[in-house]
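Enquirer: can you look at this prediction? I've put the sequence above it.
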Amino acid sequence: MRQSQLFYKTEKVLPDKKEAISHELLKKAGFINQLASGLYSLLPLGFLVHKKIENIIREEMKNIGAQEVFLPALQPKEIWEKTKRWNTIDPPLFKLKDRHQKEFALGSTHEEVISDLARLKIKSYRDLPAALFQIQTKFRNELRFSGGLLRAREFVMKDLYSFHRDKEDFEKYYKKAMGAYLKIFKRCGLRAVVTEASGQGFTKSATHEFQILTPAGEDKIIFCKNCAFSQNQEIARQNEGEKCLNCNKGVLELKRGIEVGNIFPLEDKYSNDFDLYFVDKDNKKKPVIMGCYGIGLGRLMAAAVEINCDKKGIVWPKEIAPYSVHLLAIDLKDKKVFHQAESFYQSLQGAGMGVLYDDRPQTSAGEKFFESDLIGIPKRIVISKKTLGGNKIELKERKSDNLKLISRKQALGELKL
RNA sequence: CGGGGCAUGGUGUAAUGGUUAACAUAGGCGCUUUGGGAGCGUCAGAUUCCCAGUUCAAGUCUGGGUGCCCCGACCA
C-alpha cells in the first residue's frame, strides 16, 4: 500500500483528558474513530489489524474442530422469552419493533439463537459432540462505556458454543478450548492469566476469564505470582497480602486486568429451555450439555496495544500488525532514490509481504520517522541518499534501536523471517 | 442508576457581561526545504450545541433540553 493513497491521518492535537493509552494511540495513529459514546469506526489500518486477529481466531477454532456460522443480530422476542431473559438480562437489550409492531432485540449474545438452531439439527448421540462459532457484532445497552474499544455498546465478538453428550465430554472440550484461547492471546502478543470467576447464577461450577494484567484494566483480580493462581475479586475468598492457599507459598496480590475472553459451562440450562434433547445409545432422551466461549475482538486489539507500546507509539506484535514492513523513502526527488525505492517496493510485494510504502515526496524525513514509530509496524526499511551511498538499505525493528545497513538481497531474506 | 465536570472553525484550546470571537494544529495555493512531527508568505474555515429568559449589551449570567467525559455502582 502506498502511504500517499492510504486513508488515514495522524492527529497532532488530542484532548487534555486522560484516557486509556491504547485508546489514545489508536486514535492518534489513525486506526479508529469515535462516532458517539461507545461506537467506533475501524479505519483501514484498524480494520487490517482486526482481520488479522479474526484469522488467528479462525485458525485456532478450526484446530479444535469448531465450524464457523453466521447468525442474525436481529432476534425475535420469542426466543428471549423462552429463556426469560427478555427483561432480565443485564446489560439490558437494545429493543426495537418492525412495521407490524413485532418486537426484536439486537443480540447481546447468541445462546438463544444457537440453542434454537441446535434443537433442529441435534437428535442423536451420533450428532455429538458439535462446536459452532461465529465472529459477529454484539450490542450491549451498558450503563456506561469507557476506555474506547475496551468497553463499547457495539463490538465484534467471537462466540463459540459446544454441545456434548455428557459432562465428561464437555470437560474435555472445555480444556481444549482453554488451550486454544491461550494460544490465540499469545499470538496477539499477550500473556493471559486464567482467572476463576463467578457463574452468575447459571452454574455452580467455576467459569474462567482470560485476564491481561495491566493497571488500565477494569477488573480486579487476586493473583499469586508464585503459582499463577488467580480469582476475580468478586468471588475471591482470600484478600491481598494473605498467603496463597493454593500453593501455600506465595503472597496474594490485587491486580487489575482486562478481560479479553471467558469460557463458561452452560450445563443443561439452555437445552431445557429450548427442548434441546438427544437420544443416547441407551435409547434414553437426555438434555445436551453446552458450553460457551467468548472473545471480544476490539477489546483484544486495545489490550494488545496497551501491552505493546512505548513512548513513541504502538509496537505491534508480528502476527497482528497491519503491515509487516514499513518502507520509508527519503530524498524522493533524487532519481536514484526514487527508482530504488519503487523497485524495492515491488520486490517486497512480489515476495508476498504486507508492506506500507511511504512514497510521499513532500513529507519531511522527521515526519516519516515519527509516524512510522507511531503506527508501529514491526520492521522499518529506509532508502535515502545516505543509504544509497554504499548501495545499501537500512533495516530497523520497531522494538529495538539497532540500525543495520545491508544489501537489498540480504534485507529481503531477513524480512521473510 | 447516583455524584461531578465540560460543550467555541475539521481537531485541540483562549477570550474581567462591552468593538471585527483569538491562537495552535489540520486544509488550499506559492516559494524554499528532506535522517526525527520543516520555514516563510498567503487564502479559506464559526449563526460560540439547542430552546427560553435576565440585560442597554450574553461565548460569558439563569432555567430547561441534548451530547460528551470522569468517579462510583453495574457488567455471561
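Expert: Noted; the coordinates are in hand.

Enquirer: use CA for all of it now, contacts and neighbours both
Expert: Noted.

Enquirer: for A:Ile307, give me its contacts.
Expert: A:Ile307 is in contact with A:Leu190, A:Thr214, counting by Cα atoms under 8 Å, 6 or more residues apart in numbering.

Enquirer: against A:Ala216, how distant is it?
Expert: A:Ile307 sits 10 Å away from A:Ala216 when distances are taken as Cα to Cα, to the nearest Å.

Enquirer: do A:Gln346 as well
Expert: Between A:Gln346 and A:Ala216 the computed distance is 41 Å (Cα to Cα).

Enquirer: quick one: which of the two has more around it?
Expert: Taking neighbours as other Cα atoms under 10 Å, A:Gln346 and A:Ala216 compare with A:Ala216 leading, 19 against 13.

Enquirer: host element of that one?
Expert: Assigned by DSSP states H and E, A:Ala216 belongs to no helix or strand.

Enquirer: now the longest strand belonging to chain A, how far from the centre of its chain.
Expert: Scanning chain A for the longest strand, with DSSP state E as the assignment, gives strand A:252-267. Chain-centre distance of strand A:252-267: 15 Å, with Cα atoms, centre = their mean, to the nearest Å.

Enquirer: what packs against it?
Expert: Under the contact definition 3 or more Cα pairs under 8 Å, 6 or more residues apart in numbering; DSSP states H and E, strand A:252-267 sits against helix A:167-187, strand A:207-213, strand A:219-224, strand A:289-296, helix A:297-307.

Enquirer: distance from the chain centre to the fourth one, please.
Expert: Translated: strand A:289-296. Distance of strand A:289-296 from the chain centroid (Cα atoms, centre = their mean) equals 15 Å.

Enquirer: can you check the shortest one too?
Expert: Between the mean C-alpha point of strand A:219-224 and the mean C-alpha point of its chain there is a distance of 21 Å (Cα atoms, centre = their mean).

Enquirer: for it, packing partners?
Expert: Counting by 3+ Cα pairs under 8 Å, 6+ apart, the packing neighbours recorded for strand A:219-224 are strand A:230-232, strand A:252-267.

Enquirer: quick one: low-confidence ranges for the stretch 151-300 of chain A?
Expert: In the predicted model of the stretch 151-300 of chain A, residues A:200-204 satisfy pLDDT under 70.

Enquirer: the residue in the stretch 51-200 of chain A that RNA strand B sits nearest to bridge partners, please.
Expert: Nearest residue of the stretch 51-200 of chain A to RNA strand B: A:Ser146, at 4.5 Å (Cα to the nearest atom of the strand). Counting by DSSP bridges, A:Ser146 is bridged to A:Arg151.

Enquirer: repeat for A:Ala36
Expert: Beta-bridge partners for A:Ala36, by DSSP bridges, are A:Leu39.

Enquirer: tell me how far it lies from RNA strand B.
Expert: Counting by Cα to the nearest atom of the strand, to the nearest Å, the gap from A:Ala36 to RNA strand B is 4 Å.

Enquirer: with A:Phe7 instead?
Expert: A:Phe7 is 12 Å from RNA strand B, by Cα to the nearest atom of the strand.

Enquirer: for the closest residue to that residue other than its chain neighbours, give me its contacts.
Expert: The shortest distance from A:Phe7 to any non-neighbouring residue, by Cα to Cα, 6 or more residues apart in numbering, is to A:Pro44 (6.7 Å). Residues in contact with A:Pro44, defined by Cα under 8 Å, 6+ apart, are A:Leu6, A:Phe7, A:Tyr8, A:Phe31.

Enquirer: so A:Glu103 makes contact with A:Trp86?
Expert: No - using Cα atoms under 8 Å, A:Glu103 is not in contact with A:Trp86, being 10.5 Å away.

Enquirer: mind listing what A:His370 touches?
Expert: Rather than His, residue A:370 is Phe. With the criterion set at Cα under 8 Å, 6+ apart, A:Phe370 makes contact with A:Lys312.

Enquirer: hmm, back to that, could you check the pLDDT of the residue of the stretch 51-200 of chain A closest to RNA strand B?
Expert: Looking at A:Ser146, its pLDDT reads 77.

Enquirer: burial check on it, number of neighbours?
Expert: Counted with other Cα under 10 Å, residues neighbouring A:Ser146 total 15.

Enquirer: buried ones in the strand or helix carrying A:Tyr270?
Expert: Assigned by DSSP H and E, A:Tyr270 falls within helix A:269-273. Of all the residues in helix A:269-273, those buried under the rule 16 or more other Cα atoms under 10 Å are A:Lys269, A:Tyr270, A:Ser271, A:Asn272, A:Asp273.

Enquirer: which one of the residues you listed sits closest to A:Glu394?
Expert: Each of the buried residues of helix A:269-273 was scored against A:Glu394 by Cα to Cα, and A:Tyr270 proved nearest at 58.8 Å.

Enquirer: quick check: the closest one touching A:Ile114?
Expert: No - A:Tyr270 lies out of contact with A:Ile114 (Cα under 8 Å); the separation is 9.6 Å.

Enquirer: return the most buried member of the helices and strands packed on strand A:219-224.
Expert: strand A:230-232 (a mean of 25; mean count of other Cα atoms under 10 Å).

Enquirer: helices or strands up against that one?
Expert: Judged by 3+ Cα pairs under 8 Å, 6+ apart, strand A:230-232 is in contact with strand A:193-197, strand A:219-224.

Enquirer: could you dump these to TSV with distance to RNA strand B and mean neighbour count?
Expert: Shown next, in TSV, are those (distance: least, Cα to the nearest atom of the strand, whole Å; neighbours: other Cα atoms under 10 Å):
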stretch	distance to RNA strand B	mean neighbour count
strand A:193-197	9	23
strand A:219-224	6	24
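
Enquirer: how about the residues of the stretch 101-250 of chain A near RNA strand B?
Expert: A:109, A:111, A:142-147, A:199-200, A:202, A:218-219 (Cα under 7 Å from any atom of the strand).
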